[in-house]
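[1] Here is my input, please return the structure:
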Amino acid sequence: MDYIRMKSCAKINLSLDVLRRRKNGYHDIESLMQGVGMYDVVFISDDDDPQFVDIDSGVYATQEIWIEGVRVTFAINRLELVMGTDNLALKGIRALAPEFKKRGVEHTRYMSLIIDKRLPIAAGIAGGSGNAAVAMLGWNYIEGNPLSLRELMEIGSQVGADVPFSIMMNAAMNREELADLPGIEEASVAAMTSGIGDVVDPVEPIHRHVIMVNPGVAVSTREVYEAIDALPKDAREPKGLWHNMMEGYTLEAYEEARELKAYLESLNAEHVLMSGSGPTVVAYYGTEETAEEDFIKLKDEICRKGREWQMWLTETGKEL
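    Model (predicted):
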């Protein structure tokens with residue numbers, strides 16, 4: 001039995017400009033994206049009995065589904081998440097299957113795909129896209145790495161806008177497990193991403209200690225894009241590093257996100273920026289000591305006001 005366990009890391013945006021809306025409804029962007037040390041855990045094997053996996057306690061929704069002749073036993077510990085082929089991880093498997101067939105890969109007939117979900121949902125940190133990325137990297141590993149990193153990224157663009165970067169970044173974050181992946185030397189935890197997310201160019205990472213806070217509200221990315229489309233042209237000029245064009249709408253529409261960013265800006269961070277369409281807000285620090293001090297202050301604020309904010313102290317621009 002072949003088996004792999006990988007971290008499915010979140011991403012954050014150190015810049016995010018929305019350049020234009022295409023005729024097909026997609027948007028061209030420019031964004032500096034980096035991976036962070038927050039992750040789900042994904043298990044993949046060529047066996048359809050997932051009982052061997054050592055996972056955290058909890059209730060897992062389980063489903064069996066056939067994808068291109070493969071019987072997939074899928075399990076996830078967030079019961080509110082979509083099951084079936086609309087789940088992004090399963091979409092990644094579905095996108096990969098015909099590519100194996102084209103290349104004559106005699107792929108496994110059985111698969112277990114188990115996601116130990118630890119990241120917040122609909123938070124602007126590409127948790128679902130990371131799951132798709134790692135599912136694709138993991139199945140490619142199980143089959144002996146017939147596809148290269150760039151080939152996987154190209155296929156991933158069919159699955160979602162953040163998937164190509166998530167494949168590159170998660171390959172870097174799981175470099176030891178994926179040492180035999182063709183093209184692994186190009187994998188990076190940081191990249192300039194453009195087009196609709198399908199153009200991914202690795203860059204030198206910007207290392208920072210970060211506090212990430214999620215206020216627990218779900219943001220509609222579609223609504224954010226619609227609000228940007230309605231802006232006058234001069235309000236959509238690209239601004240580059242440490243600016244996120246998407247956060248204007250989210251901060252206006254969601255009071256908790258607005259209060260959260262204002263509080264983080266009152267601390268000692270170098271920069272405070274929403275990730276993606278939000279509502280996760282990220283505070284960036286040059287030193288671990290300052291980040292830790294502010295993290296303690298934030299804990300006290302949450303306790304004092306009875307907030308239900310989720311918070312993490314971690315790093316960005318660094319392989320795990």
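[2] what residue lies at the spatial centre of this structure?
    When CA atoms, centre = their mean is applied to the chain, the residue found nearest the centroid is residue 126 (2.6 Å).
[3] State the pLDDT value of the nearest residue to residue 205 once chain neighbours are set aside.
    Once flanking residues are discounted, residue 205 sits nearest to residue 317: 3.4 Å by CB to CB, 6 or more residues apart in numbering. Yep, even glycine has a C-beta here, placed from its N, CA and C like the rest. Listed pLDDT for residue 317 reads 97.
[4] coming back round to it: find the nearest non-adjacent residue to the residue nearest to the centre of the chain, please.
    The nearest residue in space to residue 126 (CB to CB, 6+ apart) is residue 162, at 4.1 Å.
[5] I'd guessed the one you found sits against residue 197; true?
    Yes. With contacts counted by CB atoms under 8 Å, residue 162 reaches residue 197, the gap being 5.8 Å.
[6] Tell me which of those two has more neighbours.
    The neighbour comparison of residue 162 against residue 197 (other CB atoms under 10 Å) goes to residue 162, with 27 against 24.
[7] Can you give me every residue that contacts that one?
    The contact partners of residue 162, taken as CB atoms under 8 Å, 6 or more residues apart in numbering, are 11, 33, 126, 129, 197.
[8] mind redoing it with 10 Å?
    Contact partners of residue 162, counting by CB atoms under 10 Å, 6 or more residues apart in numbering, are 11, 13, 31, 33, 88, 124-130, 132-133, 156, 169, 193, 197, 276.
[9] What distance do you get for it to residue 292?
    Distance, residue 162 to residue 292, using CB to CB, to the nearest Å: 29 Å.
[10] do the same with residue 126
    Using CB to CB, residue 126 is found at 26 Å from residue 292.
[11] So which of the contacts of residue 162 belong to helices?
    Taking DSSP state H, the ones among the contacts of residue 162 that sit in helices are 88, 127-130, 132-133, 156, 169.
[12] of all those, which comes closest to residue 272?
    Closest approach to residue 272 among the ones in helices among the contacts of residue 162 (CB to CB): residue 127, at 21.0 Å.
[13] How many residues are close by that closest one?
    So residue 127, with other CB under 10 Å, has 28 neighbours.
[14] And residue 69, by the same measure?
    When neighbours are defined as other CB under 10 Å, residue 69 has 10 of them.
[15] Find the nearest non-adjacent residue to it, please.
    residue 109 (6.7 Å).
[16] ditto for residue 60
    Residue 60's closest residue in space is residue 75 (CB to CB, 6+ apart), at 4.4 Å.
[17] so the one you found touches residue 62, yeah?
    Yes. Using CB atoms under 10 Å, residue 75 is in contact with residue 62, at 4.5 Å.
[18] the more surrounded of those two?
    Per other CB under 10 Å, whichever of residue 75 and residue 62 has more neighbours is residue 75, with 18 against 13.
[19] Please report how far that one lies from residue 137.
    Noted for residue 75: a distance of 19 Å to residue 137, by CB to CB.
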